[in-house]
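**Student:** next come a sequence and a model predicted from it.
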Amino acid sequence: MKTQVAIIGAGPSGLLLGQLLHKAGIANIIIERQSADYVLGRIRAGVLEQGMVELLREAGVGARMDAEGLPHSGFELAFDGRREHIDLKALTGGKGVMIYGQTEVTRDLMAARQACGAVTVYQADNVRLHDLKSERPYLTFEKNGEIQRLDCDYIAGCDGYHGIARQSIPAQALKIFERVYPFGWLGVLADTPPVSDELVYARHERGFALCSMRSPTRTRYYVQVGAEEKVEDWSDERFWSELKSRLPADLAERLVTGPSIEKSIAPLRSFVVEPMQYGTLFLLGDAAHIVPPTGAKGLNLAASDVSTLYNILRKVYAEGRSDLLERYSQICLRRIWKAERFSWWMTSLLHRFPDSDAFSQRIQQTELEYYVSSEAGRTVLAENYVGLPYEPIEEDA
Ligand code: APR
Ligand code: PHB
């Protein structure tokens, strides 16, 4: 097989890049280890920044999001029995976010890819990357027990944190930055009406809690749990009772509970690899960086990486501008580090840290109180939450 861009991974990064490239007339093939159903079975976040919303529309997959997504112009911070509204729209000159699940984004992208006839090879084993520093890189993989070869011009590593792309770069060519947090998030998906019209991020002595949603009839709630906790130890009753104990009284009273449709624990981690390019290989999304979910930035960073690589490749193929390729990593990393900082900060502001002493707790409480009581503080929160602007690939672009 032969194509222009070989994409590893059919998560949101790989599928969105594939769709944009296809629309621009750049041939691509996606190689994915799992089945499409398996990919769609993963429950992930659901807050889209304006930049990602526009990119999905540009890719031609915005129709269902625009019809069914919930535009949100604010969110709430709850602490010390208080509920503080952060008015994103007023603080950012009209910006907001769209509530639309990653699973739905993925479903729309898969449907569009199928409709345009672009190739995705699912259930491909043992993907290997070859000759990355040459002008003729290629992939090999196994499908139905046979080894296949895919020749290409460039490889997009969109295969997530555990993928093969980053691991195929010699260790000495990469620098890794990492922080592992001493807790995780236990998440529950339920067919219940949301407790509030907006997302509620709650700081409590017992630990952080988040009230989120997927639709007017489907909710997603989280509570902070210890890093060693097992999901089997959390019955639905225990989860709802823990969540209620961390919410302000009026919300706890109003909370509608129900059987969980999905329940899982995710560890919290910050991770960045530099650079994000090695020869003809480019890393995108979770393959290159992880953020703790507190700022809802993971999926949105994947979208900004895709936008950057797509805009560069378009100029490479249309205008022969291969000089732009070496800018990819720097452009992406400037925005990634700002989102890493925000996600780390939101995490440190709202969670209970096992080793935190009385002084640290007062500082944390005061920091939250200070940010919400100052117009400047609220603006900092809001402009980061709605998403910092995408950087153009050229000054005049
Ligand atoms: N070969 C082929 N495919 C692979 C391999 C491999 N060796 N390893 C992983 N994959 C596939 C996975 O099965 C998965 O479908 O790559 C895909 C990676 O998808 P995601 O993990 O969803 O990563 P990405 O597309 O970058 O999505 C952005 O941001 O913070 C997150 O929740 C957010 O998952 C979302 C991510
Ligand atoms: C979610 O709805 O899953 C969600 C929302 C906001 C976050 C994290 C996760 O910050």
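**Tutor:** Arrived safely. Residues are numbered from 1 along each chain as shown. Ligands and ions are numbered 1, 2, ... in the order given.

**Student:** quick one: contacts for the residue of the stretch 251-397 of the chain found nearest ligand 2?
**Tutor:** Going by Cβ to the nearest ligand atom, ligand 2 is nearest to Ala296 of the stretch 251-397 of the chain, at 3.5 Å. C-beta: built from backbone N, CA, C; applies to glycine. By Cβ atoms under 8 Å, 6 or more residues apart in numbering, the contact set of Ala296 is 45, 47, 97, 385.

**Student:** OK, contacts around the first one?
**Tutor:** This points to Ala45. Applying Cβ under 8 Å, 6+ apart, the residues contacting Ala45 are 101-102, 293, 296, 298-299.

**Student:** ok, the residue of the stretch 251-397 of the chain closest to ligand 2 to Ile290 distance?
**Tutor:** Per Cβ to Cβ, to the nearest Å, Ala296 is found 14 Å from Ile290.

**Student:** Ile393 now?
**Tutor:** 24 Å.

**Student:** tell me which of the two has more neighbours.
**Tutor:** The neighbour count for Ile393 versus Ile290, taken as other Cβ atoms under 10 Å, is higher for Ile290 (23 against 19).

**Student:** the more buried one pairs with what?
**Tutor:** Residues in a beta bridge with Ile290, per DSSP bridges, are Phe271.

**Student:** in helices, which of the contacts of Ala45 appear?
**Tutor:** 102, 298-299 (DSSP state H).

**Student:** could you find the closest non-adjacent residue to Ala190?
**Tutor:** Gly258 (4.8 Å; Cβ to Cβ, 6 or more residues apart in numbering).

**Student:** and Leu77, what does it touch?
**Tutor:** 83-84, 86, 200-203, 350, 368, 372.

**Student:** please, which helix or strand holds Ser307?
**Tutor:** helix 298-319 (DSSP states H and E).

**Student:** and that helix, what does it pack against?
**Tutor:** helix 12-23, strand 47-49, helix 50-58, helix 328-350 (3 or more Cβ pairs under 8 Å, 6 or more residues apart in numbering; DSSP states H and E).

**Student:** report whether the residue nearest to Ala190 is found in a helix, as I expect.
**Tutor:** No: applying DSSP: H, G, I helix; E, B strand; the rest coil, one finds Gly258 to be coil, outside a helix.

**Student:** that one reaches Val195, doesn't it?
**Tutor:** No: here Gly258 lies out of contact with Val195, judged by Cβ atoms under 8 Å, at a distance of 12.0 Å.

**Student:** buried sites along stretch 236-251?
**Tutor:** 239-240, 242-244, 246-248, 251 (16 or more other Cβ atoms under 10 Å).

**Student:** kindly export stretch 42-57 (C-alpha atoms) in CSV.
**Tutor:** The C-alpha trace of stretch 42-57 is given here as CSV (Å, rounded to 0.1, in the frame of the first residue of the first chain):
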residue,chain,number,x,y,z
ARG,A,42,-14.2,4.5,25.7
ILE,A,43,-15.8,7.2,27.7
ARG,A,44,-13.7,10.4,27.8
ALA,A,45,-14.2,14.1,28.4
GLY,A,46,-16.8,16.3,26.7
VAL,A,47,-15.9,20.0,26.8
LEU,A,48,-14.9,21.5,23.4
GLU,A,49,-13.2,24.9,23.1
GLN,A,50,-14.3,27.3,20.4
GLY,A,51,-11.2,26.5,18.3
MET,A,52,-12.0,22.8,18.2
VAL,A,53,-15.7,23.6,17.4
GLU,A,54,-14.6,25.6,14.4
LEU,A,55,-12.1,23.0,13.3
LEU,A,56,-14.8,20.3,13.4
ARG,A,57,-17.0,22.5,11.3
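
**Student:** wait, does it contact ligand 2?
**Tutor:** Yes: figure legend: stretch 42-57 in contact with ligand 2 (Cβ under 6 Å from any ligand atom); contacting residues 45-47.

**Student:** got a markdown table for those, with pLDDT too?
**Tutor:** Output for the residues of stretch 42-57 next to ligand 2, formatted as a markdown table (pLDDT from 0 to 100):
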| residue | pLDDT |
| --- | --- |
| Ala45 | 87 |
| Gly46 | 91 |
| Val47 | 97 |
